[in-house]
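K.L.:
sequence? don't have it. structure:
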């Protein structure tokens, strides 16, 4: 069982930055690949970024590539999403998710545990 708690969301102007954190409970954090997803009002939840269990491999949605960076610190049981050059279209609730095993996936159905989400609002 893994419990995930996101933090770091907020209101920022376009072009600004935010760093989201996802703190995981339990001793098996390194047994999970981690992903970030987001859901904008009126839209389906979509994949944003993911990282393997050891942090060595990452993958990004085209819409955030070059602006967002996913990372993790297994010693702190925490995953991060550094978001730079934010755009109004990045406004959404951001969720972190954990997937058993070493490798990530882009489909939310492949993830086993989810956080409650944190709101990110980017003003123009």
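P.N.:
Cool, the structure landed. Quick caveat, the model's predicted, so the values are computed rather than measured. Residues are numbered from 1 along each chain as shown.

K.L.:
flag the shaky bits of the chain, pLDDT-wise.
P.N.:
For the chain, applying pLDDT under 70 flags no range at all.

K.L.:
try 90
P.N.:
For the chain, applying pLDDT under 90 flags the ranges 1, 26-28, 101-102.

K.L.:
quick check: the spatially most central residue of the chain vs residue 124, distance?
P.N.:
The chain has residue 36 as the residue nearest its centroid, 2.5 Å off, counting by Cα atoms, centre = their mean. Taking Cβ to Cβ, to the nearest Å as the measure, residue 36 and residue 124 are separated by 23 Å. C-betas here are computed from N, CA, C, even on glycine.

K.L.:
what of residue 87?
P.N.:
From residue 87 to residue 124 the distance is 9 Å (Cβ to Cβ).

K.L.:
higher neighbour count, those two?
P.N.:
residue 87 (14 against 9; other Cβ atoms under 10 Å).

K.L.:
check contacts around that one.
P.N.:
14, 122 (Cβ atoms under 8 Å, 6 or more residues apart in numbering).

K.L.:
try it again at 6 Å.
P.N.:
residue 14 (Cβ atoms under 6 Å, 6 or more residues apart in numbering).

K.L.:
try the one 4 residues further on
P.N.:
With Cβ under 6 Å, 6+ apart as the criterion, the residues that contact residue 91 are 121-122.

K.L.:
show me what stretch 48-58 is in contact with.
P.N.:
30, 33-38, 59-61, 64, 68, 70, 72, 102-104.
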